[in-house]
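> next input, structure requested:
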Amino acid sequence: MTVASTAILMTLAAIPVAALGGDLFLKGMLGLATWSRLPRFLVATTLAAFATSSPELTLSTMAALSGKPEIGLGDALGSNVVNIALILGLSLAFGAMPASLEGLRRDYLLAVATPLVTLVLCLDGTVSRLDGGILLALFASWLAMVFRQGIASRRTTEHAPQSEISLVLALLGGIAGLACLILAGILFVDGASDIAAGLGVQDYVIGATIVAIGTSMPELVTTLLSRLRGQHDLSLGILLGSCLFNGLAVIGIASAIQAIHAPQPEVGLALVFGVVAVLMMQPRGGEIARYRGAILLALYLAFVVTTAAM
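From the prediction side, this is the model:
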């Protein structure tokens, strides 16, 4: 079997593995939300989003420990553009998405502010350990607010007895689903990268597109599946939570391990595109209009073309 054939098979194999993983992961998260008596959006922005962002965290941590933290920075910033511009853009192809600014306000505003804060921290060309500490402090503050919201929600939610088996099955399903999603991402990155390299595509472009999409495979699959099933709160929660996790925790941890050289043109480009994409996410009239999907997809295409041209 030729290298090209193997690459094609790996890429195609990622599809059923991702579909299985997405189904198991969503069922696990829904079961966990029911057992914990927490709003699904809250579970999506925290547990689900953190789990789906685990590939970015793993990659950035390993890169920082190996003395190449810039790889993690680029992947985290690129993944955020993928999360909103590409994944939300694809989700809106199914129609307008019901959403309330009141319900999203805190997380939405922080998602807008995070890349702006990061841009300011990068003005000296470096994300220092001190900068990483600032990002992690913001992340901890957000977690504290979410924790307080969770406690308040449990107090106002009528208790419904749940068996221990339900919790165990939910956790096992979520873990198994996440493992499948990560495996699908690895298969996609390896297969598609080999195909692109064979076609003469530059390594940086491969990293900014294929690798970023591969590490965002969990968000892509779970968001589209939850959208198809009408679970819009899960879709938005996963995307917003993943952006916050990538922008605050992933970059914060990587820079805490080792200061990151942050070239202003490349980093500034990703941050600006990230801010514009999040701004397009703002609900109006109780929904995110379908036409914004086309704008977001065009924005992602512009990001890829501009990145390739740099």
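> ok, now which ones touch the closest residue in space to A302 that isn't next to it in sequence?
Distances taken as C-beta to C-beta, 6 or more residues apart in numbering put F273 closest to A302, at 7.6 Å, once the chain neighbours are dropped. Where C-beta positions appear, they are placed from N, C-alpha and C, glycine not excepted. F273 makes contact with 81, 85, 299, 302-303 under the criterion C-beta atoms under 8 Å, 6 or more residues apart in numbering.
> one more time with 7 Å
81, 85, 299, 303 (C-beta atoms under 7 Å, 6 or more residues apart in numbering).
> please tell me how far it sits from D124.
As judged by C-beta to C-beta, to the nearest Å, F273 and D124 stand 22 Å apart.
> now do F147
Distance, F147 to D124, by C-beta to C-beta: 33 Å.
> now do the strands in this structure.
For the chain, the strands defined by DSSP state E cover 97-98, 126-127, 260-261, 287-288.
> got a list of contacts for the first one?
In this case it means strand 97-98. 91, 232, 286-288.
> that strand: how far from the chain's middle?
19 Å (C-alpha atoms, centre = their mean, to the nearest Å).
> what sits against the residue lying closest to K27 once chain neighbours are set aside?
Distances taken as C-beta to C-beta, 6+ apart place G173 nearest to K27, at 5.2 Å, with adjacent residues excluded. Counting by C-beta under 7 Å, 6+ apart, G173 touches 24, 27-28, 31.
> how about a cut-off of 6 Å?
By C-beta atoms under 6 Å, 6 or more residues apart in numbering, the contact list for G173 reads 24, 27-28.
> same check, this time on Y291
With contact set as C-beta under 6 Å, 6+ apart, Y291 has no partners.
> the stretch 51-200 of the chain: helices as residue ranges?
Using DSSP state H, counting those that start in this stretch, the helices of the stretch 51-200 of the chain run over residues 54-65, 69-81, 89-91, 101-121, 129-156, 164-198.
> out of those, indicate the one that is most buried.
helix 69-81 (a mean of 27; mean count of other C-beta atoms under 10 Å).
> I'd like to know the average pLDDT value across that one.
Helix 69-81 shows a mean pLDDT of 83.
> relative orientation of it and helix 101-121 in degrees?
Interaxial angle, helix 69-81 versus helix 101-121 (axes from the mean of the first three to the mean of the last three C-alpha atoms, to 10 degrees): 150 degrees.
> what's next to helix 69-81, contact-wise?
56, 59-60, 63-64, 208, 212, 215-216, 243, 246, 250-251, 254, 258, 260-261, 270, 273-274, 303.
> how about that helix as PDB, C-alpha atoms only?
Extracted in PDB, the C-alpha atoms of helix 69-81 (Å, rounded to 0.1, in the frame of the first residue of the first chain):
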ATOM      1  CA  PRO A  69       6.100  26.700  23.500                       C
ATOM      2  CA  GLU A  70       5.400  28.800  20.300                       C
ATOM      3  CA  ILE A  71       3.800  25.700  18.800                       C
ATOM      4  CA  GLY A  72       1.300  25.600  21.600                       C
ATOM      5  CA  LEU A  73       0.600  29.300  21.300                       C
ATOM      6  CA  GLY A  74      -0.100  29.000  17.600                       C
ATOM      7  CA  ASP A  75      -2.300  26.000  18.000                       C
ATOM      8  CA  ALA A  76      -4.400  27.600  20.800                       C
ATOM      9  CA  LEU A  77      -4.900  30.800  18.900                       C
ATOM     10  CA  GLY A  78      -5.600  29.000  15.600                       C
ATOM     11  CA  SER A  79      -8.000  26.600  17.300                       C
ATOM     12  CA  ASN A  80     -10.100  29.500  18.600                       C
ATOM     13  CA  VAL A  81     -10.500  30.900  15.100                       C
END
